[in-house]
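Student: what's the 3D shape of this:
(2 chains)
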Amino acid sequence: MSSLFSQDVPLSWYLLLSAVLFALGVLGFLIKRNLITVFMSIELMLNAVNLSFVTFAHQWHAVKGQIFVFFVMMVAAAEAAVGLAIIIAVFRARATLAVDRIDLMKL
Amino acid sequence: MNGSNFYLWFIPALPLAGFVLNGLLGRRLPKALVTAIALLAPLGSFLAVLNAGFLEFLHTNPQIMIPLTIHLNGHDVLLRPAANPYSYVETFGTWINVGTLHIDFSFVLDQLSLIMLLVITGVGFLIHIYSVGYMAHDKGYARYFSYLNLFLFFMTVLVLAGNALLMFVGWEGVGLASYLLIGFWFNKPSAAEAGKKAFIVNRIGDVGFLIAMFYLLLNFGTLTFSEIATKLGQDPGWTGGVVTVICLCLLLGATGKSAQLPLYIWLPDAMEGPTPVSALIHAATMVTAGVYMIARNHVLFDHSPFALNTVAIIGAATALFAATIALVQTDIKRVLAYSTISQLGYMFLGCGVAAYSAAVFHLMTHAFFKALLFLAAGSVIHAMGDEQDMRKMGGLRKKLPVTFWTMTAGVIAIAGIYPFAGFFSKDAILYSAFQQGSLGKALWFVGLLTALLTSFYMFRLWYLTFFGESRSPEVHPHESPWSMLGPLVILALLSITGGWIGMDRFGSFLGSVTGGTIDPATAAGGKTLDLALSGVAVAVALIGWYIAYAFYSQKPQRPAELAAALPSGYKLLSNKYYVDEFYGATVVKPLLAFSTYFLGWVVDKAILGGLAWLLGGISLFSGALLQRWQSGNIRSYAAWLAAGAAALLLFVVVPWSFVLSRLGIHLNWAGR
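Tutor: Below is the predicted model:
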């Protein structure tokens, strides 16, 4: 464990990486048009958060943070299953995945 | 009473249960069950009254009926003694307990409330029976009985109440029941209007009652009748001043409820309701609430001679005033309505000369004969196919024999002819008035004149309705069913015998509550004066009868001739002195104009409307600006979300005070 998070790499670097990944996810969510890409951006944000969880868990020697990561992963997996199903249904109905054009609640 | 429980709450609770059952489920229940519920409620109530009062009462006070004689401060006038002071209080809980103000849910049973309860539940039960026949074919059968039971509930609460506030609950409640029943046939605009009129006019009186309660609280710190009486008794300094104000305010309330000058105008219109309702509420019970209230608060009135004189003068004036209007009315129910107002005037006159027990005596006999007269009139109206105009009746004596004979008993009773019930009570009031100095003699004369008029217009009604030839030959009247005639017969018997108990015994029975009564045997003038006054009263009544006979039986064209000879007088009377028009012009119209122009246009439309318009405009304008945010584009929302999160983060993370101090700005957080 200690070899993985060696003291040479400071805590802030991990957090910075996490922040950058999160910002990229937000940016992708905001500017991408393809529904699948938007979806992937959300996954990116979740994993950015996971990274910071793990970082803090290591820092404070608390196992809670790692448990949270498993929860997030589980929810992300469920979300992926449901989300992809919705995306397929949307595609079948509309023949498009451009988010701008999916603006009606009714399929 | 120590230890014993009279279950007083049964008395109002049973009609309340009847109201709830018939009011909620009546339309779905079979008619027989509705009838059973409606009749059992007042019957149970009546039995509860009998149980609570009469039996226990006489059992614990066997000496109550025996009059004794005591001296009063060496006066010439000896008073009949009071029976044992008897006041049984049942308290069910605390209603209001704030600071020094303590008001209980408490019922009081004493001689006064017992007599009232017997009249209310007894006559009420008879009228319920009558209603079964009278309302048999009405669509609102269950609704009618639920209202009638509701009325009994509130009326018994009013009478049993141990404090003014609880009495006020009953007072308002009977007003509500009265409103509902006057407007029972609400499809008829005149009935709906009459209901409103009764409610609003009563409201004016209620303001008086309320103000009186505020003054009572302010000066006595309690609304419990017995405590007020005790405090008044402890300090003889309570005379005039504030007591007069309280009494006059109470009197205003009483004039509203009991249809006295100047607030009597609602009662004639209240005849729009079903006839049994007129009998129960607008003749026998509710309208006597004002008399009861004055008798209940008589200790206050005794401390204010001015207020007492006002009561007496209002009573006498109303008695005469209403009697003159009744002379020319042609609607059978309106004649009875004005006669009710007139008889209530007698009761007020009785209260005003401090003869409270005489007033309550008249209240009781009046309840018998006036309920009888109304129910008999209802039977006539029923037989004539809902015709109320006496000019179209006539000759009904043979066709409606039971109605005729019972009504005859009622007419003779109200005319005050010996030995019918009205004679005893009216005589007692007139006698008491005569004993009260020169003002009393004047009032006695007014009362006597009223007796003449009463006798005249009642026999006029009698002749017009039952004698001569039928003036509507196309109608074939038929006698009413026995459910209607039964109550008539019982009430007729009561109208004949109701006075035989005599003022002496009645007065000594009530004495402990309402104060002693004058004993003719020892008062100025002695028995002779009493007999002489009685003789005059009976003579006057017989003269009234004779005039009615001369006018309406002997020569039926005479009334028309007289009316033609005195056109202005006839017009004044048949238009009821233009009082409605006068109130319309002086009160209603200005109020309406004030409401329409000032309240309606200035306050409502200009000020409130303008404000609402301004607020609406601001909302519309800001909405138009803000709606651009609501683009419907989800990603723009997400962008705002992200921007907001970023801004929050910035706020939390950046050490602002440090940054600002570097910039030369020093924040002062609450003096830190």
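
Student: How much space separates the residue nearest to B:Tyr338 when sequence neighbours are not counted from B:Leu336?
Tutor: Of all residues not flanking B:Tyr338 in the chain, B:Ala326 sits nearest, at 3.7 Å (Cβ to Cβ, 6 or more residues apart in numbering or on different chains). The C-beta positions use only the backbone N, C-alpha and C, and glycine is treated the same way. B:Ala326 is 8 Å from B:Leu336, where distance means Cβ to Cβ, to the nearest Å.

Student: which residues in chain B form strands?
Tutor: Assignment of strands within chain B using DSSP state E yields the ranges B:87-98, B:101-110.

Student: got TSV for those strands, with mean pLDDT too?
Tutor: Below are the strands of chain B laid out as TSV (pLDDT from 0 to 100):
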stretch	mean pLDDT
strand B:87-98	83
strand B:101-110	87
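
Student: Kindly compare burial across those strands and name the winner.
Tutor: Stretch with highest mean neighbour count among the strands of chain B: strand B:101-110 (a mean of 20; mean count of other Cβ atoms under 10 Å in any protein chain shown).

Student: If we look just around chain B, which residues of chain A are in range?
Tutor: Residues of chain A lying near chain B by Cβ under 8 Å from any Cβ of the partner chain: A:Val26, A:Phe29, A:Leu30, A:Ile31, A:Val99, A:Asp100, A:Asp103.

Student: Quick check: ChimeraX command selecting the buried ones in those.
Tutor: To isolate the buried ones among the residues of chain A next to chain B in ChimeraX, judged by 16 or more other Cβ atoms under 10 Å in any protein chain shown, type:
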select /A:26,29,99
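
Student: which ones among the residues of chain A next to chain B are found in helices?
Tutor: Those of the residues of chain A next to chain B mapping onto helices are A:Val26, A:Phe29, A:Leu30, A:Ile31, per DSSP state H.

Student: got any ranges where the chain has weak pLDDT?
Tutor: By default, I'm working from chain A. Scanning chain A for pLDDT under 70 picks out the ranges A:1-8, A:105-107.

Student: wrong one, I was asking about chain B
Tutor: Scanning chain B for pLDDT under 70 picks out the ranges B:1-6, B:54-86, B:236, B:238-240, B:516-525, B:667-672.

Student: Format the strands of chain B as TSV; extra columns: distance to B:Trp462.
Tutor: As requested, these are arranged in TSV below (distance: least, Cβ to Cβ, whole Å):
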stretch	distance to B:Trp462
strand B:87-98	43
strand B:101-110	38
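
Student: Looking at those strands, which is nearest to chain A?
Tutor: Of all those, the one in closest proximity to chain A, counting by Cβ to the nearest Cβ, is strand B:87-98 (55.0 Å).

Student: and that closest one with strand B:101-110, angle?
Tutor: Using axes from the mean of the first three to the mean of the last three Cα atoms, to 10 degrees, the inter-axis angle of strand B:87-98 relative to strand B:101-110 is 160 degrees.

Student: Strand B:87-98 pairs with which strands, parallel or anti?
Tutor: Under the criterion DSSP bridges, strand B:87-98 sits next to strand B:101-110 (antiparallel) in its sheet.

Student: roughly how far out does the partner strand sit from the chain middle?
Tutor: Relative to its parent chain, strand B:101-110 has a centroid offset of 21 Å by Cα atoms, centre = their mean, to the nearest Å.

Student: okay, that strand in CSV with CA atoms only?
Tutor: Taking Å, rounded to 0.1, in the frame of the first residue of the first chain, the C-alpha atoms of strand B:101-110 are listed here in CSV:
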residue,chain,number,x,y,z
LEU,B,101,-60.8,34.9,33.2
HIS,B,102,-62.3,31.6,33.9
ILE,B,103,-65.2,30.2,32.0
ASP,B,104,-66.6,26.8,32.4
PHE,B,105,-68.9,24.6,30.4
SER,B,106,-71.6,24.6,33.1
PHE,B,107,-75.3,24.1,33.2
VAL,B,108,-77.6,25.5,35.8
LEU,B,109,-80.9,24.0,36.7
ASP,B,110,-83.1,26.2,38.9
